[in-house]
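Trainee: Give me a 3D structure for the following:
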Amino acid sequence: MLRLGEANRIEALAAYPNPDNNGNSLKWISKAEKPFRRVMKSGETIIVQENPASKEGVKPGNYLVVIPVQNEGAIRAAAAFRIKVKSHYQLLLSHARLQTTSLLLNHHEMRLTTKMHHEAMDRLRRVLEVLDVVNKSKRFLSAAMALCNEISTRLSCSRVSLGILNGRYVRVRAMSHTDTFGREMDVVQAIEAAMEECLDQDIEVIHPKGDAAMYADRAATKLSESHGPSNILSLPVREDGTVTAVMTLERSFERPFDSLEEIETVRLIGDLCAPRLLDLNRSDRWFGARMASRARKHVSLLLGHEHTWVKLGGVLVFLVAVFLATAKGEYRIKTSFALEAQNQQVVVAPFDTFTKSVSVAPGDRVEGGKSILGTLETSELRLKLAALKAEQLGYQKQRAASMRDRKTAEAQIAQAQSDKVAAEIRLIERKIDQAALVSPITGWVVSEDLKQQIGAPVETGKILFEIAGIDSLRAELYVPESSIAKVATGQDGELASVGHPDQKVQFVIERINPIAEVVNNQNVFRVRARILENLEWMRPGMEGEARISAGKKSYLWIASHRLVNWLRMKLWV
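Mentor: Numbers count the residues shown, from 1 in each chain. Here you go, the predicted structure:
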């Protein structure tokens, strides 16, 4: 019998006659190597002559017959025969007989396989019968007693005990053919010791053990010697891969537990009955014990060694949540702002006239009382001034003549007319002086460019120039309606303009406008802030973003208060 082994090498499973010390009787097998490999590939019988004299016909001599051996439809090995024939008929007859022998071998293997299947089905039938008896019970004690009694009867045991893991110890809960027993009994304590010995090793413990057995059986030996002599078999019962109970079987010393089929049957019974028994055990306890068991299960799941990364992630999330809920940070309200000058004045047209010249442009810096912003046309005023002076001179001459003629009344009337004209002259002269528009304060020109309007008429009181002072600036903050309740005078903060985002400027809130207004389709309140430091680059009209310090709040509140307020408004019924 030949087969392919490791590295595609040929192995001999059996040979006849038995090889001698020198292996001479197996030398012929080397000649069967090529036919054997052909048979393993094709699956057909091959006949070759051992030492062919010629290639024509069948000659008397030794032949090799290689027949495939099949098992479950696959070629597992091949049988090689060395025969000696004298004719073609004898070769065919030998081939037929050898083919029949191979079929008998296959038939024998099929019978063995069928027998094993029948034995497995018989064990499964007995297991299902026991499971059916256990499932009919509605309470734990009755189900456990039924299990112990069934195993005791079917396996001819003197005693079968079932212990349930309770904390760190195993407690006997049922014993075959025994309705009542106490834990103070010696036999119960000995059985529990044997069960704990099996539980600690998580393996079947058989007493007496074989010479090659590596497990400890001290407690099982003591149980056998004290309450026997007897053969002991303890098996762990698992639920979801965890040992939760132990069964201990005792049988007369004449019948050892040496049958693997029996041990497999008991193991299968225990595994199939464990879910039902343990579920009944948990449900039969009083309410407090059930709640304590569930709490312990959840705590052990939380603190156990499984799912380490998930638990570590949960702990980190919990710590982050605690930190966010307890730690406090500076809550800042984000708003937009625009810089304005605290001191800003306008220069208006003092009389109706035309623009003559413009000396400044927007953004120019001017000095108060020195810088000429522009001039107005005074030609008409100067002509009118000349006419008034001539008229005044006439009234003065008339007064002098009246005084010479001693006409006192007429002299007084002429004097009054002269004073009236003098007043008009002073008014005209003042207007002429005002035609040169001088900046009232030192600052920047922030009005529009008037150079394109030279020669255009202007009316009295029309604003021509706007001058923003450079002494100090203030910020106008636009606080959203949702945040105005948290803003108060005296709060500080900092702002950064769009042109200089790297420089933060401190400010203090001075006044809050109590009336809201709409800016960029948003309801806002104007808040005036005093800037604590004026920098060279700061100009009126600059815009940017400001942050108002509104006190200490928890990080969780800072991150969630907008969403909470939005939900309160949406879910308000």
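Trainee: Could you list the low-confidence segments of the protein?
Mentor: 20-26, 51-59, 72-73, 285-287, 289-290, 293, 297-305, 470-471, 573 (pLDDT under 70).
Trainee: Domains in it, by residue range?
Mentor: Taking automatic domain parsing as the reference, the chain has its domains at 2-113, 137-288, 344-466, 472-570.
Trainee: Can you give me the end-to-end span of the third one?
Mentor: Distance between the two ends of domain 344-466: 7 Å, counting by Cα to Cα, to the nearest Å.
Trainee: Give me the distance between that domain and the centre of its chain.
Mentor: Put simply, domain 344-466 sits 80 Å off its chain's centre (Cα atoms, centre = their mean, to the nearest Å).
Trainee: try the shortest one
Mentor: Its chain's C-alpha centre lies 35 Å from the corresponding centre of domain 472-570 when counted by Cα atoms, centre = their mean.
Trainee: and what of the second one?
Mentor: Here the centre of mass of C-alpha atoms in domain 137-288, compared against the chain's by Cα atoms, centre = their mean, lies 46 Å away.
Trainee: go on, the first one?
Mentor: Centroid separation between domain 2-113 and its chain, computed with Cα atoms, centre = their mean, is 66 Å.
Trainee: Would you check that residue 339 makes contact with residue 477?
Mentor: No. Applying Cβ atoms under 8 Å, one finds residue 339 not in contact with residue 477, separated by 10.8 Å. Heads up, the C-betas are built off the backbone N, CA and C, glycines and all.
Trainee: Going along the chain, name the strands of the stretch 351-500 of the chain.
Mentor: 353-358, 365-366, 372-376, 436-438, 443-445, 457-458, 463-469, 473-480, 492-497 (DSSP state E, counting those that start in this stretch).
Trainee: how about those in a markdown table, adding mean neighbour count?
Mentor: As requested, those are arranged in a markdown table below (neighbours: other Cβ atoms under 10 Å):
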| stretch | mean neighbour count |
| --- | --- |
| strand 353-358 | 18 |
| strand 365-366 | 18 |
| strand 372-376 | 18 |
| strand 436-438 | 18 |
| strand 443-445 | 22 |
| strand 457-458 | 16 |
| strand 463-469 | 20 |
| strand 473-480 | 20 |
| strand 492-497 | 19 |
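Trainee: Specify the residue positioned farthest from the middle of the chain.
Mentor: Distance from the centre of the chain peaks at residue 405, with 116.9 Å (Cα atoms, centre = their mean).
Trainee: Phi first, then psi, for that one.
Mentor: When read as degrees, to the nearest 10, the backbone of residue 405 gives phi -80, psi 10.
Trainee: Now do the contacts for it.
Mentor: If you count contacts by Cβ atoms under 8 Å, 6 or more residues apart in numbering, residue 405 has none.
Trainee: Buried deepest among the domains of the chain, which one?
Mentor: With neighbours taken as mean count of other Cβ atoms under 10 Å, the domains of the chain reach their highest mean count in domain 137-288, at a mean of 17.
Trainee: gap between the two ends of that one?
Mentor: End-to-end distance (Cα to Cα), domain 137-288: 24 Å.
Trainee: Compare the strands of the stretch 351-500 of the chain and give me the one nearest residue 312.
Mentor: When the strands of the stretch 351-500 of the chain are compared by Cβ to Cβ, strand 492-497 sits nearest residue 312, at 39.7 Å.
Trainee: okay, the strands of the stretch 351-500 of the chain in JSON lines with distance to residue 525 next?
Mentor: Output for the strands of the stretch 351-500 of the chain, formatted as JSON lines (distance: least, Cβ to Cβ, whole Å):
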{"stretch": "strand 353-358", "distance to residue 525": "39"}
{"stretch": "strand 365-366", "distance to residue 525": "33"}
{"stretch": "strand 372-376", "distance to residue 525": "36"}
{"stretch": "strand 436-438", "distance to residue 525": "38"}
{"stretch": "strand 443-445", "distance to residue 525": "28"}
{"stretch": "strand 457-458", "distance to residue 525": "38"}
{"stretch": "strand 463-469", "distance to residue 525": "24"}
{"stretch": "strand 473-480", "distance to residue 525": "5"}
{"stretch": "strand 492-497", "distance to residue 525": "15"}
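Trainee: Any idea which of those gets closest to residue 261?
Mentor: strand 473-480 (82.5 Å).
Trainee: That closest one to strand 492-497, inter-axis angle?
Mentor: Orientation check (axes from the mean of the first three to the mean of the last three Cα atoms, to 10 degrees): strand 473-480 against strand 492-497 gives 100 degrees.
Trainee: who does strand 473-480 touch, helix- and strand-wise?
Mentor: strand 328-341, strand 505-519, strand 522-531, strand 543-554 (3 or more Cβ pairs under 8 Å, 6 or more residues apart in numbering; DSSP states H and E).
Trainee: still on that earlier bit, and of the domains of the chain, who's closest to residue 333?
Mentor: domain 472-570 (4.3 Å).
Trainee: First-to-last residue distance for that closest one?
Mentor: 45 Å.
Trainee: Relative to residue 464, which of the helices and strands packed on strand 473-480 is closest?
Mentor: Nearest of those to residue 464, taken as Cβ to Cβ: strand 328-341 at 17.9 Å.
Trainee: Each with direction, which strands does the closest one pair with?
Mentor: Applying DSSP bridges to the sheet, strand 328-341 is found paired with strand 473-480 (antiparallel), strand 543-554 (antiparallel).
Trainee: of these, which approaches residue 60 most closely?
Mentor: Closest approach to residue 60 among these (Cβ to Cβ): strand 543-554, 107.2 Å.
Trainee: Which SSE is immediately downstream of the closest one?
Mentor: Next in sequence after strand 543-554, counting helices and strands by DSSP states H and E, comes helix 555-570.
Trainee: Show me what that next one is in contact with.
Mentor: 321, 323, 324, 325, 327, 328, 329, 331, 482, 553.
Trainee: and of the strands of the stretch 351-500 of the chain, who's closest to residue 180?
Mentor: strand 473-480 (79.6 Å).
Trainee: Provide the contact partners of the closest one at residue level.
Mentor: 333, 335-342, 487, 495, 507, 509-510, 519, 522-531, 534, 538, 540, 546, 548.
Trainee: How far off centre is stretch 126-139?
Mentor: Centroid separation for stretch 126-139 versus its chain: 46 Å, with Cα atoms, centre = their mean.
Trainee: Flag every buried residue along that stretch.
Mentor: Neighbour-count burial for stretch 126-139, with 16 or more other Cβ atoms under 10 Å as criterion, is recorded at 126, 127, 130, 131, 134, 137.
Trainee: want to throw the residues you listed into JSON lines with secondary structure?
Mentor: Converted to JSON lines, the buried residues of stretch 126-139 look like this (DSSP: H, G, I helix; E, B strand; the rest coil):
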{"residue": "126", "secondary structure": "helix"}
{"residue": "127", "secondary structure": "helix"}
{"residue": "130", "secondary structure": "helix"}
{"residue": "131", "secondary structure": "helix"}
{"residue": "134", "secondary structure": "helix"}
{"residue": "137", "secondary structure": "coil"}
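Trainee: picking that back up, of the contacts of helix 555-570 - the most surrounded one?
Mentor: The most crowded member of the contacts of helix 555-570, judged by other Cβ atoms under 10 Å, is residue 331 (19 neighbours).
Trainee: who's in contact with the residue nearest to that residue when sequence neighbours are not counted?
Mentor: Among residues not flanking residue 331 along the chain, residue 553 sits closest, at 4.1 Å (Cβ to Cβ, 6 or more residues apart in numbering). Shown in contact with residue 553 (Cβ under 8 Å, 6+ apart): 328, 329, 331, 561.
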